[in-house]
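Asker: Here is a sequence with its predicted model. Questions after.
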Amino acid sequence: MAVRNIVLYAQDAAVLRKKSKPVRSIGRGVKHLIRDLKDTLAHSSDGIGLAAPQIGVHRRVVVVRLGRYGGSGEEPDLSIALINPKVIDAGEEQRDFDGCLSFPGLYGETVRPHHLRVTGLDERGRPFDSAFEGFDAVVVHHEMDHLDGVLFVDRVQGLEDLYRVRVGENGELVRVPVQAICL
């Protein structure tokens, strides 16, 4: 299973700033794009969402793995595709964890809705109208941002909200502020 056109690094950020075009029909090319997105996401141990611009395709398609942080401790369900997603309602904005496969090892605190109602098409071309809650809403919102050229680093309030994670002296994970690394 080949994954094509993978662009997952910050040096390609100009590609990530371009707005994506709507999908006009669910043909062979869109189905192949969805498969590429799912395969790429499946091969990333840290990934829970991926947007078409992240693999160099500027179409309004995202793939998300929901339920990752729902508290059940189980692996997320299989990934689902959202085509031409549009936010109909958003609410309950809160600070939460954010990160991106396009910026490996960089994390941040952003403010995003914890409730989203989204319409669009599923991968079979059927209309959907779905509500996403909690961290699932954060994931969907993050991936939809990619379709408009918005990156998670655009949503941090300051440099102090960006960090990397390292293993501490006792084997625990420790947040290291980017400010401390830059000094």
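Answerer: Noted; the coordinates are in hand.
Asker: Can you list the low-confidence ranges for the protein?
Answerer: Counting by pLDDT under 70, the chain contains low-confidence ranges at 1-12, 68-77, 180-183.
Asker: again, only this time at 80
Answerer: For the chain, the stretches with pLDDT under 80 are 1-13, 68-78, 179-183.
Asker: For it, which segments count as strands?
Answerer: Taking DSSP state E, the strands of the chain run over residues 49-51, 61-64, 80-99, 107-121, 127-133, 162-167, 173-177.
Asker: Let me have the second one in PDB, keeping just the CA atoms, if that works.
Answerer: If I follow you right, that is strand 61-64. C-alpha atoms of strand 61-64 as PDB (Å, rounded to 0.1, in the frame of the first residue of the first chain):
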ATOM      1  CA  VAL A  61     -11.200  16.300   2.600                       C
ATOM      2  CA  VAL A  62     -10.200  15.300   6.100                       C
ATOM      3  CA  VAL A  63      -9.900  12.000   7.900                       C
ATOM      4  CA  VAL A  64     -10.300  11.700  11.700                       C
END
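Asker: Residues touching it, excluding its own?
Answerer: With contact meaning Cβ atoms under 8 Å, 6 or more residues apart in numbering, strand 61-64 is reached by 20, 23, 30, 33-34, 37-38, 41, 48-52, 79-83, 85, 136, 139-140, 143-144, 146-147. Yep, even glycine has a C-beta here, placed from its N, CA and C like the rest.
Asker: out of the residues you listed, which are buried?
Answerer: Buried by 16 or more other Cβ atoms under 10 Å: 20, 23, 30, 33-34, 37-38, 41, 48-52, 79-83, 85, 136, 139-140, 143-144, 146-147, out of these.
Asker: re the thing from before, could you dump the strands of the chain into TSV with distance to residue 156 added?
Answerer: Formatted as TSV, these follow (distance: least, Cβ to Cβ, whole Å):
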stretch	distance to residue 156
strand 49-51	18
strand 61-64	21
strand 80-99	8
strand 107-121	5
strand 127-133	22
strand 162-167	6
strand 173-177	12
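Asker: out of those strands, nearest to residue 152?
Answerer: strand 80-99 (4.5 Å; Cβ to Cβ).
Asker: C-alpha coordinates for the closest one, PDB please?
Answerer: Listed next in PDB are the C-alpha coordinates belonging to strand 80-99 (Å, rounded to 0.1, in the frame of the first residue of the first chain):
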ATOM      1  CA  ILE A  80     -13.800   8.400   9.000                       C
ATOM      2  CA  ALA A  81     -13.600  10.800   6.100                       C
ATOM      3  CA  LEU A  82     -15.400  14.100   6.000                       C
ATOM      4  CA  ILE A  83     -15.800  15.700   2.500                       C
ATOM      5  CA  ASN A  84     -16.600  19.400   2.100                       C
ATOM      6  CA  PRO A  85     -17.200  19.700   5.900                       C
ATOM      7  CA  LYS A  86     -18.900  22.900   7.000                       C
ATOM      8  CA  VAL A  87     -19.400  24.000  10.600                       C
ATOM      9  CA  ILE A  88     -23.100  24.700  11.200                       C
ATOM     10  CA  ASP A  89     -22.800  25.400  14.900                       C
ATOM     11  CA  ALA A  90     -19.900  25.700  17.400                       C
ATOM     12  CA  GLY A  91     -19.800  26.400  21.100                       C
ATOM     13  CA  GLU A  92     -18.200  25.700  24.400                       C
ATOM     14  CA  GLU A  93     -14.700  27.100  23.500                       C
ATOM     15  CA  GLN A  94     -12.000  25.800  25.900                       C
ATOM     16  CA  ARG A  95      -8.200  25.600  26.100                       C
ATOM     17  CA  ASP A  96      -6.900  22.200  25.200                       C
ATOM     18  CA  PHE A  97      -4.000  20.200  23.900                       C
ATOM     19  CA  ASP A  98      -3.100  20.600  20.200                       C
ATOM     20  CA  GLY A  99      -0.400  19.200  18.000                       C
END
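Asker: Noted, bye for now.
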